[in-house]
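Starting from these lines, generate the structure:
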Amino acid sequence: DMREMIRWAEGKFSDMTAAEHHLSGDGFLSTPLDYAAMIFGATETMKVSGCAVLAPLYNPLNLAERITFLDLVSDGRFRTVLALGYREQEYRAAGVDWPQRGKIFDKLLEQVVALLQGETVDINGQAAQLHHLPDSAPGELVYVGGNSAPAARRAARMDLPFWPSIEDADVLDAYHQACAKEGITPRLQLSQFAGFEFIAEDPDTAWQEIGAYLLYDAMAYQAIGNSQRRSASEFSDADIEALRASGTYSIVTPQQALERFEANQALCLNPLAGGMPSEHGWRCLELYETEVLPHLDLDFSRFRSIPW
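I've put the predicted structure just below:
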């Protein structure tokens, strides 16, 4: 069903996103770069933006090669967000030093950017260079993710766009100060995420039918968090009514979906959230196609989540 939904979404949505986690209890996506390749194989125009990757868990040569491959096969439809992550067990499983993660990330970023620019890089004593370079520049392909001042300064130091997942005044101020210090123009991508949306003719009935799946999705994400994580989709109360009141997951009518789009310039649909039966997801997408999409401006350039 996921593959069919991706094919169906061609021309109806501007882009898709993905993230990476390992050792989760619910089978959270662990291979976002492969997921992106699947999307590009099934579509002609769909973009993959905000493809979040736990960069320190990768070999820099392999990561640069995969980024290049995705840029070339997609004709420039790929953007990735390289980030540290926040789970020590993922680092342990990959054999990566958790206490040194910041230094490891800094070195990896330098190596990946250099490789994408065609430079020769020493990796574990071996001279490495890409034989094929991406069509897109590193500053178009690679964003630095994170919700902290060190992440903001890292992006400025590398002259790469910064993509925090939440708006934090102190973090944004740190980014602008770092850009001024480096003498570069800020390139900031603020998330348009306003919560997951699901479209239904009768939201009350839909909450009865799929509320348990949405709650499972929320609690599974909470289970892989920690006290330091800050995200736009935090939820810790194991109660469907509390989830509904939080706004993290919203079931809306087609008219409400239009209103939310006009307010946020984005809709974030997750039609298979929590492993819900696919018939519910398809009904959501059908309502989007018949009741919402006809009223939207089909020029996606006006509201894409990435300045392509």
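
Where does pLDDT dip in the stretch 101-250 of the chain?
193-194, 226-236 (pLDDT under 70).

Show the residue spans covered by the helices in it.
For the stretch 101-250 of the chain, the helices defined by DSSP state H, counting those that start in this stretch occupy 101-116, 138-141, 149-158, 169-182, 203-223, 240-246.

Now the shortest one: buried residues?
If you call a residue buried by 16 or more other CB atoms under 10 Å, then helix 138-141 has these buried ones: 138, 140-141. C-beta: built from backbone N, CA, C; applies to glycine.

same deal with the third one?
Of the residues in helix 149-158, those scored as buried under the neighbour-count criterion (16+ other CB under 10 Å) are 149, 151-158.

Just send the residues you listed back as TSV, with distance to D26 too.
Converted to TSV, the buried residues of helix 149-158 look like this (distance: CB to CB, whole Å):
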residue	distance to D26
A149	31
A151	26
A152	31
R153	34
R154	30
A155	30
A156	35
R157	36
M158	33
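
Let me know the closest of those to S246.
For the buried residues of helix 149-158, the minimum distance to S246 (CB to CB) is 25.8 Å, reached by A151.

which residues touch that closest one?
Shown in contact with A151 (CB atoms under 8 Å, 6 or more residues apart in numbering): 83-84, 144-145, 162, 164, 171.

Now render those as JSON lines, adding neighbour count and distance to K12.
Output for the contacts of A151, formatted as JSON lines (neighbours: other CB atoms under 10 Å; distance: CB to CB, whole Å):
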{"residue": "A83", "neighbour count": "23", "distance to K12": "29"}
{"residue": "L84", "neighbour count": "20", "distance to K12": "34"}
{"residue": "V144", "neighbour count": "25", "distance to K12": "30"}
{"residue": "G145", "neighbour count": "26", "distance to K12": "27"}
{"residue": "F162", "neighbour count": "28", "distance to K12": "30"}
{"residue": "P164", "neighbour count": "26", "distance to K12": "28"}
{"residue": "V171", "neighbour count": "20", "distance to K12": "34"}
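
Which ones among those residues map onto strands?
Mapping these onto strands (DSSP state E) picks out 83, 144-145, 162.

Export those residues as a markdown table, with columns for distance to Q265.
Output for these, formatted as a markdown table (distance: CB to CB, whole Å):
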| residue | distance to Q265 |
| --- | --- |
| A83 | 24 |
| V144 | 23 |
| G145 | 21 |
| F162 | 20 |
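
need the longest strand for the chain.
Longest strand in the chain by number of residues (criterion: DSSP E): strand 47-54.

After it, which helix or strand is next?
Next along the chain after strand 47-54, taking DSSP states H and E as the criterion, comes helix 60-73.

list the buried ones in that following helix?
Within helix 60-73, the residues that qualify as buried are 60-61, 63-71, counting by 16+ other CB under 10 Å.

circling back: for the ones in strands among the contacts of A151, work out which two are farthest apart.
Pairwise distances across the ones in strands among the contacts of A151 (CB to CB) peak at 11.0 Å, for the pair A83 and F162.

and for those two, which residues touch both?
With CB under 8 Å, 6+ apart, A83 and F162 have common neighbours 144, 146, 151.

Show me which of the buried residues of helix 138-141 is closest to N270.
Among the buried residues of helix 138-141, and counting by CB to CB, the member closest to N270 is L141, at 25.5 Å.

measure that closest one to R79 for me?
In this view, L141 and R79 are 6 Å apart by CB to CB, to the nearest Å.

can you check W207 too?
34 Å.

now do G183
Taken as CB to CB, the span from G183 to R79 is 25 Å.

Which of the two has more residues huddled nearby?
Neighbours per residue (other CB atoms under 10 Å) separate G183 from R79, with R79 holding more: 29 against 8.
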